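[1] Have a look at this fold, sequence not included:
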């Protein structure tokens, strides 16, 4: 869990599309904070500052501090509406959380050891990622920014499934919490052997590079 991200917000009272358009013209983006047994609060924040936060992968799976009217609230990002064609955020939803609240979040998977894996280093295989993030459930205080998947021992043909992932303490995979976890044990990553077409392409590239090398000067 990270407390590195902070949002400075101001309260807003105007509702409707017209009010939201006025905020956007002023360089602000409308949002709402809800949950935690309290009434929803309509807020706005600087659009450019929010965009900077959204550039960080960890922002989407972290506890965020919101400063509003001189008080701080701990929240998670629950929804984000972007313009379909322009780099604009139209609206965002934040949910209040306490340390012991159980929350469901999608967190990214970080694959480590790919270059060292025998299937790549010795056999020239390639990794195929079936999943790049994972829906988990945990207490807010145990929320990881990402989950690390060690693939350094994998060989050609090896596969890792959800049940093979080593999870941080207090973290559960939502899919494996269903009645028959075997039916929901999805493939996460595998290594495929280098195909004949790939080998031929590699040989052609090597030959082409050799042909392009300038000849040595004659004495």
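    The structure has been received and is ready for your questions. Predicted model only: the values in this text are computed from it and were never measured.

[2] From now on I want contacts and neighbour counts done on CA atoms only, so please keep to that.
    Will do.

[3] Please enumerate residues in contact with the host helix or strand of residue 128?
    If you go by DSSP states H and E, residue 128 is part of strand 126-129. For strand 126-129, contacts defined as C-alpha atoms under 8 Å, 6 or more residues apart in numbering pick out 114, 119, 120, 188, 189, 190, 191, 192, 193, 194.

[4] Tell me where the chain is predicted with low confidence.
    Within the chain, the segments meeting pLDDT under 70 span 1-3, 179, 181, 196-219.

[5] so where do the strands sit in it?
    Under the criterion DSSP state E, the chain carries strands at the ranges 6-11, 28-35, 38-46, 64-68, 71-82, 89-96, 102-112, 126-129, 133-139, 147-150, 159-161, 172-173, 187-192.

[6] any chance of these in TSV, with mean neighbour count too?
    Listed next are the strands of the chain as TSV, based on neighbours: other C-alpha atoms under 10 Å:
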stretch	mean neighbour count
strand 6-11	18
strand 28-35	20
strand 38-46	16
strand 64-68	20
strand 71-82	16
strand 89-96	20
strand 102-112	17
strand 126-129	17
strand 133-139	18
strand 147-150	17
strand 159-161	17
strand 172-173	18
strand 187-192	20
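
[7] quick one on the thing from earlier: how much distance is there from the strand holding residue 128 to the middle of the chain?
    Here strand 126-129 shows a centroid-to-chain-centroid distance of 18 Å under the convention C-alpha atoms, centre = their mean, to the nearest Å.

[8] and if you look at stretch 43-63?
    Mean-position distance between stretch 43-63 and its chain equals 13 Å (C-alpha atoms, centre = their mean).

[9] Same check on stretch 131-139?
    Worked out by C-alpha atoms, centre = their mean, stretch 131-139 lies 10 Å from the chain centre.

[10] how close does residue 103 get to residue 59?
    With the distance defined as C-alpha to C-alpha, to the nearest Å, residue 103 ends up 16 Å from residue 59.

[11] how about residue 172, what does it touch?
    136, 137, 138.

[12] With distance to residue 21 as added columns, please give these in a markdown table.
    Output for these, formatted as a markdown table (distance: C-alpha to C-alpha, whole Å):
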| residue | distance to residue 21 |
| --- | --- |
| 136 | 35 |
| 137 | 36 |
| 138 | 37 |
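
[13] that older thread, quick check: can you name the pairing partners of the strand holding residue 128 and their directions?
    Strand 126-129 pairs in its sheet with strand 187-192 (antiparallel), by DSSP bridges.
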